[in-house]
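1. Could you look at this predicted model? Sequence included:
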Amino acid sequence: MDALALVELDAVATGLRALDALVKKAPVTVLEANLIEPGRFLLLFAGEVAPVEASFAEAQEVGAGAVVDALFLPFAHPQIVPGLRGALALPPAPDTLGVVEASRVASALAACDACLKGADVSLVGLRVAGGLGGRGYFVLHGVQHDVDAALEAAASVLGVRGALHRIERIARPHPEMVPFLLRPAPFAPGSL
């Protein structure tokens, strides 16, 4: 998938209508269409650049007035979709971790893409829904100077978008801490 798009709306009803319109507009793959906190509806879809761009425009037009945030990544970094699906692995003893938390989901994706394209780091995972209060966060790993460069890129993107919540660097993380990086929400089915 070459392109990734996200539209976040403040109404479930409008979100469902926008979902219908975007899949009718062009052939795209819907990765997620669901309620997120606080009472917002998230549409995340991918595919070839032109169809995703057309569907993105259609979703924003149909959702006009309800769109809270939106993002179109015409050439999204290839680690983002596997990171959303939890399909990435962390080395047994990572040198340095970078944790970036954005106040909005689209902004988290934009910052993640910038980090991965702008520094020699790898994505550990990306969380954008469920128990985050409408925020999104991601975890990167690499050697410290590369993680620092990635975190600077994230701060720049999130600063421009007005969505910086927190950024942390964890050097030489303890092995007992690492399994807790991207766990499901507490007490969710299958988490205990």
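-> Sure thing, it's come through.

2. Which strands or helices does the longest helix belonging to the chain pack on?
-> Counting by DSSP state H, the longest helix found in the chain is helix 144-161. If contacts are counted by 3 or more Cβ pairs under 8 Å, 6 or more residues apart in numbering; DSSP states H and E, helix 144-161 sits against strand 96-102, helix 105-118, strand 136-142, strand 164-171. Quick note: C-beta positions are derived from backbone N, CA and C, even for glycine.

3. Could I get these in JSON lines, plus columns for mean pLDDT and distance to residue 31?
-> Output for these, formatted as JSON lines (pLDDT from 0 to 100; distance: least, Cβ to Cβ, whole Å):
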{"stretch": "strand 96-102", "mean pLDDT": "96", "distance to residue 31": "18"}
{"stretch": "helix 105-118", "mean pLDDT": "95", "distance to residue 31": "11"}
{"stretch": "strand 136-142", "mean pLDDT": "93", "distance to residue 31": "14"}
{"stretch": "strand 164-171", "mean pLDDT": "96", "distance to residue 31": "23"}
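
4. what's the closest of the ones you listed to residue 44?
-> Comparing those against residue 44 with Cβ to Cβ, the closest turns out to be helix 105-118 (8.2 Å).

5. Mind picking out the helix or strand in the chain with the poorest mean pLDDT?
-> Among the helices and strands of the chain, helix 80-84 carries the lowest confidence by mean pLDDT, DSSP states H and E, at a mean of 88.

6. Pull out the buried positions in that one.
-> Going by neighbour count (16 or more other Cβ atoms under 10 Å), the buried part of helix 80-84 is 80-81, 83-84.

7. Counting by contacts, list what that helix packs against.
-> strand 29-36, helix 105-118, strand 122-127.

8. what angle do the last one and strand 136-142 make?
-> Just to be clear, that refers to strand 122-127. Going by axes from the mean of the first three to the mean of the last three Cα atoms, to 10 degrees, strand 122-127 is angled at 170 degrees with respect to strand 136-142.

9. And strand 122-127, how far out from the chain middle?
-> With Cα atoms, centre = their mean, to the nearest Å as the basis, strand 122-127 stands 9 Å off its chain's centre.
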